[in-house]
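Visitor: Turn this into a structure:
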Amino acid sequence: MSEPPEPVPAPDAAPTALPDPAGASVADLLARDAAHHSGLWAPRHAFVRGEGVTLIDADGRRYLDLMAGIAVASLGHAHPRLAAAVAQQAQRLITAPQNQANDVRTAMLERLFELAPAPLERAFLSNSGSEANEAALKWARAATGRSTFVATRRGFSGRTLGVLPLTWNAAYREPFEPLGYAGRFVRYGDVGELDAAMDDDVAAIVVEPVQGEGGIHPADPAFLQAARRAADAHGALLIFDEVQAGAGRTGTFLAHEAAGVPADVATMAKGLGGGVPIGATLMSADVAAAMPAGGHGTTFGGNPLAAAAALVVLEELAGGLMDHVREVGAHLRARLDALAADEPRIREVRGVGLMLGIEFKEKVAPLLAALEGRGVLAINAGATVVRMVPPLILTRDDADRAVDALAGALADTAPDA
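Guide: Numbering: from 1, shown residues only. Reported below is the predicted structural model:
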C-alpha cells in the first residue's frame, strides 16, 4: 500500500507583495516595459493607480480620464463595490467553464436579461469584443447556412482574422489578406446602398448603432429600421455590434434600443466588466438553437471572476446609473456645442450619452497632447476626431473641467499661439 500524500499546506493569508506604486518613475517603467512588449505601440504613460475618474502615474501626476481604457472602465477606477466583488470571488472560485453551471454567472445572466431588450434571451460569454463578434458571425452562419456579410464603411468589428473582413479601415485588413471571406461594405446610413448589397446569399447585416472607432457617428433610426426590413426580406440576421456603445454608455442599456429596432444578435464587451475582460454575444432563442451542441466553446469566457465584475456593473446600471449618463451626457454635450459655436476649428459635435466625438478641421494629435499637458486624457477616433468616452460616473463638475481644458488646449494650439 502506498503512503498517503503529504497534506497540502494552508495558503499563507499574506498576499504576494505587489510592486510599490512609488517604487519606480514613469521613465524607468517605460524603459523596462520597452524591453519586453511586442513593439506595436510606444507608450508615453505609466499609470499605477486610479481613483474614480482620475488616473495617477508613477510620478504622481493626476489626470482626468476621458478614455476609460477606451470605454472600458464604466464604473471608473477602484470602484469599491467592483473591487470588493472581484476580491471576494477570487477567494471562492476563479474559473469554471460554461459547460458547468456557476452561481455568480447565473446571477449575472439573469440580471443581464432583465436589462437586454427582446428577443435577446440567450448569451455566449467570451473575453473580448472581437471574440463576441466572431461568435456572432459563426452563429449567423449556423442559422442561415450562408457566409456573406454586409457591413458599413468606417465600421470596426475587431482585429482578429475572424472579423477583419468586416473592419472597414484597409490599413487593418490589407496586410493580412487573403482573409477567409469578403464583407460587402455600404455607406453608413445609406438605405439605397444597403438594399442594393442584399441578396439571398447574405447571412447577416452587421451594424454599430453608434460607430466608435469610425468617428462617433450615431445611426439614423431610419437606417436601422431599413436594416431590419432588409434582413427579414432576405432571410438574414441583423447583428448590432454594441461592443463600445453598449452597457449603458449611451444612456440606454444597448444603444439600438433608442431606435426601437429588435436585433437577432447583439454583441457586448468593453464596459460590461468595468475593466475585467468579458465579452457577450446575446441572441434570440431561435438563433441560439441553430448552433449544434459543442459547435462553439471557450476556456476562459464567462469565468466567475469576470462574471462577478459584470454583475456589479449591471446592478449599478439598473440602479440609476443610466439616468446619470443621460443627465451628465446632455450637460457635457451642451457645453461642447457652446464651445463649437465659438470655435471655427470645430466642424461638428456628435454622439449620445457619454459617447461623444468632436470633429475638427485639422488633425487632433497636437490638441490631444495639449489636453494631456492640462491634466486631461482623451483619445482620437480617426485623425480629426477627439473622442470622449469617460467612466459613466463622470459628474457635471468633471464635464465642466473637461470642456474648460479643451478650450485651453485650443488656445495652446492656436496658429498664433
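
Visitor: quick one, what contacts S74?
Guide: Residues in contact with S74 (Cβ atoms under 8 Å, 6 or more residues apart in numbering) are A68, A247, G248, R249, K270, G271, L272, G274, G275, V313, P391, L392. Using the backbone N, CA and C atoms, a C-beta is placed for each residue, glycine as well.

Visitor: Which of those residues sits closest to E51?
Guide: For those, the minimum distance to E51 (Cβ to Cβ) is 10.9 Å, reached by P391.

Visitor: List the buried residues for the worst-scoring helix or strand of the chain on mean pLDDT?
Guide: Using mean pLDDT, DSSP states H and E, helix 170-173 stands out as the lowest-scoring helix or strand of the chain, at a mean of 80. Buried positions in helix 170-173, judged by neighbour count with 16 or more other Cβ atoms under 10 Å: R173.

Visitor: Equivalent analysis for stretch 67-86, please.
Guide: In terms of neighbour count (16+ other Cβ under 10 Å), stretch 67-86 has its buried residues at 67-69, 71-77, 79, 82-83, 85-86.

Visitor: What's the end-to-end length of it?
Guide: Chord length of stretch 67-86, first to last residue, is 23 Å (Cα to Cα, to the nearest Å).

Visitor: Next: stretch 368-382.
Guide: Distance across stretch 368-382, first residue to last, is 12 Å (Cα to Cα).

Visitor: How about stretch 272-285?
Guide: Termini of stretch 272-285 sit 22 Å apart (Cα to Cα).

Visitor: Flag every buried residue along it.
Guide: 272-284.

Visitor: now stretch 378-389
Guide: For stretch 378-389, using 16+ other Cβ under 10 Å, the buried residues are A378, I379, N380, A381, G382, T384, V385, V386, R387, M388, V389.

Visitor: ditto for stretch 191-203
Guide: V191, E193, L194, A197, M198, V202, A203.

Visitor: nearest spatial neighbour of the third one, skipping sequence neighbours?
Guide: For L194, ignoring the flanking residues on the chain, the nearest one in space by Cβ to Cβ, 6 or more residues apart in numbering is V186 at 4.9 Å.

Visitor: just checking, the one you found touches F149?
Guide: No. Taking contacts as Cβ atoms under 8 Å, V186 lies outside contact range of F149: 11.3 Å.

Visitor: Can you lay out the buried residues of stretch 272-285 as JSON lines showing distance to H217?
Guide: Listed next are these as JSON lines, based on distance: Cβ to Cβ, whole Å:
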{"residue": "L272", "distance to H217": "22"}
{"residue": "G273", "distance to H217": "25"}
{"residue": "G274", "distance to H217": "26"}
{"residue": "G275", "distance to H217": "26"}
{"residue": "V276", "distance to H217": "29"}
{"residue": "P277", "distance to H217": "26"}
{"residue": "I278", "distance to H217": "26"}
{"residue": "G279", "distance to H217": "23"}
{"residue": "A280", "distance to H217": "23"}
{"residue": "T281", "distance to H217": "23"}
{"residue": "L282", "distance to H217": "23"}
{"residue": "M283", "distance to H217": "25"}
{"residue": "S284", "distance to H217": "27"}
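
Visitor: Any chance of a markdown table for those, columns distance to E213, secondary structure and pLDDT?
Guide: What follows is these, written out as a markdown table (distance: Cβ to Cβ, whole Å; DSSP: H, G, I helix; E, B strand; the rest coil; pLDDT from 0 to 100):
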| residue | distance to E213 | secondary structure | pLDDT |
| --- | --- | --- | --- |
| L272 | 18 | helix | 98 |
| G273 | 20 | helix | 98 |
| G274 | 21 | coil | 98 |
| G275 | 19 | coil | 96 |
| V276 | 22 | coil | 97 |
| P277 | 19 | coil | 97 |
| I278 | 20 | coil | 98 |
| G279 | 16 | strand | 98 |
| A280 | 19 | strand | 98 |
| T281 | 19 | strand | 98 |
| L282 | 21 | strand | 98 |
| M283 | 24 | strand | 98 |
| S284 | 27 | coil | 98 |
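
Visitor: All set, thanks.
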